[in-house]
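Asks: What would the 3D arrangement of this be:
(chains A, B, C and D)
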There are 2 protein chains.
Amino acid sequence: MKPETRQQEIIRVAAKLFKEKGYSAVTMRDLATAMDIKAASLYNHINSKQDILESIIISIAEQFTEGMSSVRESNATCIEKLKEIIALHVEVSSTNIYGMAALNHDWMHLEARLNYYKKLRSDYENDFRNILIEGIKAGEISDIKPDVMMFSILTTLRSLYLWIPKKEDVNLQELSSNLNEILIKGVIK
Amino acid sequence: MKPETRQQEIIRVAAKLFKEKGYSAVTMRDLATAMDIKAASLYNHINSKQDILESIIISIAEQFTEGMSSVRESNATCIEKLKEIIALHVEVSSTNIYGMAALNHDWMHLEARLNYYKKLRSDYENDFRNILIEGIKAGEISDIKPDVMMFSILTTLRSLYLWIPKKEDVNLQELSSNLNEILIKGVIK
DNA sequence: ACACTTAACTAACACTTGTTAGTTTGTTTG
DNA sequence: CAAACAAACTAACAAGTGTTAGTTAAGTGT
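Replies: The predicted model follows:
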């Protein structure tokens, strides 16, 4: 593990601030203060505020795209695929807790790469929906509107970043299996 | 139904803009343009940008508090209470689609009433958690960590505003019953 | 005709925004 | 030692921020 560059450090700290107040409310002077330097000095390492947002969001979005592509190509059952997706979200969210906030809240502030982001997201959702449709056809999954199912599961998974850091004793393995239970079998006994 | 005052109109339009870009990214000049007047004219009707945010968020938060208080006092089974909560969210979200975005994304930009909002939210979550704990005790609900169950259900319900306006053919009754199925019984057949 | 209300306007304010230019300082490398 | 580099600095800019003050014009009720 090579040490973090100054640029990576800035992006990491920026993501943390973005999580607390959102992209628009965080100023370059806020970021500089958090880095304990002057705002102008940031520009020795990064090109623009917008570039920071892009780095954060696009890198995570691409991790999801890659992960989904593995799931798509596996030949497990649909329920197994769902479990893989849950594990993917727990993994990506827990390693990008701050970045996930920017992804969820500030994607609309992307400029040059907004359309690219939207494409990644809609491709991801299409893959997800297709897994559910397959599952319904195969009789594995309840015959409820796949969009409603997808929405329900995906919003829970997308909000994991809000949850994971809250409890210090949270075990990721356990969280993943609890979510498997709840999202797949529901809460009823 | 008495007609909307100019102030209510401004708040409604502001909520719509807040949903698209977030509180911090919406300027008073943006809002004025959307109202087809000059920024200074807004101040004939509202006291401050912050006041607008307060109106939007606090009024919705209080609707949830009231709704939860009805649920708490009903003597239905825990599963029935869960269904009532789902219906509450569908109801409040569908009548405050734009406001729900501000509630979810911009509550941290509240100033004077931030603590009041946080109190309402944590009381709400405590009531919710207690219902789940009761349900586990009574053997109605799976014995999984109540916090994880609550998180899972609540994030789905809190994100309904993202979903409801997407499909024009969405039937609220049907959405509610689909969510009952999915959140309570899961997706597995 | 009168005062009152509503709702817009112009002009300006003090401050904050992201960013650039040019410079300085300490550390690494040839 | 000299050259090169990394990473900070000060100073400044043009544009945009929320908001205030004071004014105007069109209805409304007496």
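
Asks: need the contact list for the closest residue in space to A:Asn96 that isn't next to it in sequence.
Replies: Nearest residue to A:Asn96, sequence neighbours excluded (C-beta to C-beta, 6 or more residues apart in numbering or on different chains): A:Ile60, at 5.3 Å. Backbone N, C-alpha and C define where each C-beta goes, glycine included. When contacts are counted by C-beta atoms under 8 Å, 6 or more residues apart in numbering or on different chains, A:Ile60 touches A:92, A:96, A:99-100, A:103.

Asks: Tell me how far A:Ile60 lies from B:Phe151.
Replies: Distance, A:Ile60 to B:Phe151, by C-beta to C-beta, to the nearest Å: 20 Å.

Asks: ok, the contacts of A:Ile60 vs A:Ala138, which is closest?
Replies: Set against A:Ala138, the nearest of those by C-beta to C-beta is A:Val92 (27.2 Å).

Asks: Please, which helix or strand holds that closest one?
Replies: Using DSSP states H and E, A:Val92 maps to helix A:78-95.

Asks: Tell me if that helix is near chain B.
Replies: Yes: applying C-beta under 8 Å from any C-beta of the partner chain, one finds helix A:78-95 in contact with chain B at A:79, A:82.

Asks: Quick one: list the elements packing against the following helix or strand past that helix.
Replies: Sequence order places helix A:97-106 as the next helix or strand after helix A:78-95, per DSSP H and E. Judged by 3 or more C-beta pairs under 8 Å, 6 or more residues apart in numbering or on different chains; DSSP states H and E, the packing partners of helix A:97-106 are helix A:6-21, helix A:49-73, helix A:160-163.

Asks: Redo those as JSON lines? Include distance to DNA strand C and mean pLDDT.
Replies: As requested, the helices and strands packed on helix A:97-106 are exported to JSON lines (distance: least, C-beta to the nearest atom of the strand, whole Å; pLDDT from 0 to 100):
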{"stretch": "helix A:6-21", "distance to DNA strand C": "10", "mean pLDDT": "96"}
{"stretch": "helix A:49-73", "distance to DNA strand C": "4", "mean pLDDT": "97"}
{"stretch": "helix A:160-163", "distance to DNA strand C": "23", "mean pLDDT": "92"}
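
Asks: Quick one: residues contacting A:Lys21.
Replies: By C-beta under 8 Å, 6+ apart, the neighbours of A:Lys21 are A:30, B:24, B:108-109.

Asks: and the gap between it and B:Ser142?
Replies: With C-beta to C-beta as the criterion, A:Lys21 and B:Ser142 are 37 Å apart.

Asks: thinking again about what came up before, single out the most deeply packed of the helices and strands packed on helix A:97-106.
Replies: Among these, the stretch with the highest mean neighbour count (mean count of other C-beta atoms under 10 Å in any protein chain shown) is helix A:160-163, at a mean of 20.

Asks: Which residue is the nearest non-sequential neighbour of whichever residue of chain A sits closest to chain B?
Replies: Here chain A gets closest to chain B at one residue, A:Gly186, 3.2 Å apart by C-beta to the nearest C-beta. Nearest non-adjacent residue to A:Gly186, counting by C-beta to C-beta, 6+ apart: B:Gly186, 3.2 Å away.

Asks: Could you do A:Leu82 as well?
Replies: A:Ile184 (6.4 Å).

Asks: Tell me if the one you found really is in a helix.
Replies: Yes: applying DSSP: H, G, I helix; E, B strand; the rest coil, one finds A:Ile184 inside a helix.

Asks: does it really touch A:Ile79, like I thought?
Replies: Yes: under the criterion of C-beta atoms under 8 Å, A:Ile184 makes contact with A:Ile79 at 6.5 Å.

Asks: shared neighbours of these two, anything?
Replies: In the contact map built from C-beta under 8 Å, 6+ apart, the residues linked to both A:Ile184 and A:Ile79 are B:Ile188.

Asks: Make TSV out of the contacts of A:Ile60 and add distance to DNA strand D.
Replies: What follows is these, written out as TSV (distance: C-beta to the nearest atom of the strand, whole Å):
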residue	distance to DNA strand D
A:Val92	28
A:Asn96	23
A:Gly99	21
A:Met100	26
A:Leu103	24
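
Asks: out of the helices and strands packed on helix A:97-106, nearest to A:Leu179?
Replies: When the helices and strands packed on helix A:97-106 are compared by C-beta to C-beta, helix A:160-163 sits nearest A:Leu179, at 8.3 Å.

Asks: picking that back up, dump the residue contacts of the residue nearest to A:Leu82.
Replies: For A:Ile184, the contacting residues are A:79, A:82-83, B:186-188, by C-beta under 8 Å, 6+ apart.

Asks: Quick one: buried ones out of these?
Replies: Applying 16 or more other C-beta atoms under 10 Å in any protein chain shown to those, the neighbour count classes A:79, A:82-83, B:186-187 as buried.

Asks: residue contacts, the closest residue to A:Tyr98 other than its chain neighbours?
Replies: In this structure, A:Tyr98 finds its nearest non-sequential neighbour in A:Ala15, 3.8 Å apart by C-beta to C-beta, 6+ apart. Shown in contact with A:Ala15 (C-beta under 8 Å, 6+ apart): A:56, A:96, A:98-99, A:101-102.

Asks: quick one on the thing from earlier: could you dump the helices and strands packed on helix A:97-106 to TSV with distance to DNA strand D?
Replies: Below are the helices and strands packed on helix A:97-106 laid out as TSV (distance: least, C-beta to the nearest atom of the strand, whole Å):
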stretch	distance to DNA strand D
helix A:6-21	4
helix A:49-73	14
helix A:160-163	26
